[in-house]
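J.: Structure for the following, please:
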Amino acid sequence: MGELTTRFPWEPAPLADTVALLQRDMRYVLSHTAVMVHSPHEALQIIVNTKRGQIVPRGECKFSDGTTLEFQDIGAPQVGAPEMTVPELMTRVWEIARELGLELK
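T.: Got it, this is the predicted structure:
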């Protein structure tokens, strides 16, 4: 397959380039999902893209101050979201919680 080239917006892309870009996007959509962290605490609200097949924790977690936390697999990767593994996401969430002084109930 040839090199993808930059074109002016008014120039139609060659069909081969369009197909290659769509195939790349579809491979990503099929192999990735997004995980959203729900919490009333804004610092804990995170969304990341991650490879499918990882175990996403279920249920609500409560901290001593009443703040809740819940992970949700939303089923489709999100444009512009950073990519992490689920363990990396959990580590980041616990780091933020620790920085905020939150303790598990």
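
J.: Now do the buried residues in the helix or strand of the chain with the lowest mean pLDDT.
T.: For the chain, counting by mean pLDDT, DSSP states H and E, helix 15-31 ranks last in confidence among helices and strands (a mean of 91). When neighbours are counted by 16 or more other Cβ atoms under 10 Å, the buried residues of helix 15-31 are found to be D17. From N, CA and C alone the C-beta is placed, and that goes for glycine too.

J.: Tell me the helix or strand right after that helix.
T.: Where DSSP states H and E defines the elements, the next helix or strand beyond helix 15-31 is strand 32-38.

J.: Residues touching that next one, excluding its own?
T.: Taking contacts as Cβ atoms under 8 Å, 6 or more residues apart in numbering, the residues outside strand 32-38 that touch it are 44-52, 56, 68-78, 81, 83, 86, 89, 93.

J.: Name only those of the residues you listed that count as buried.
T.: With burial judged by 16+ other Cβ under 10 Å, the buried subset of the contacts of strand 32-38 is 44, 46-50, 69, 71, 73, 77, 81, 86, 89, 93.

J.: circling back to that earlier point, CA atoms only: put the least confident helix or strand of the chain into CSV for me.
T.: Taking only C-alpha atoms (Å, rounded to 0.1, in the frame of the first residue of the first chain), the coordinates of helix 15-31 have been written out as CSV:
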residue,chain,number,x,y,z
LEU,A,15,-10.2,5.7,-2.9
ALA,A,16,-7.3,3.5,-1.8
ASP,A,17,-6.3,6.1,0.8
THR,A,18,-9.8,6.5,2.1
VAL,A,19,-10.2,2.7,2.4
ALA,A,20,-6.9,2.4,4.2
LEU,A,21,-7.9,5.0,6.7
LEU,A,22,-11.3,3.5,7.3
GLN,A,23,-9.7,0.0,7.8
ARG,A,24,-7.2,1.5,10.3
ASP,A,25,-10.0,3.2,12.2
MET,A,26,-12.2,0.0,12.2
ARG,A,27,-9.3,-2.1,13.5
TYR,A,28,-8.9,0.3,16.4
VAL,A,29,-12.7,0.4,17.1
LEU,A,30,-12.9,-3.4,17.1
SER,A,31,-9.8,-3.9,19.3
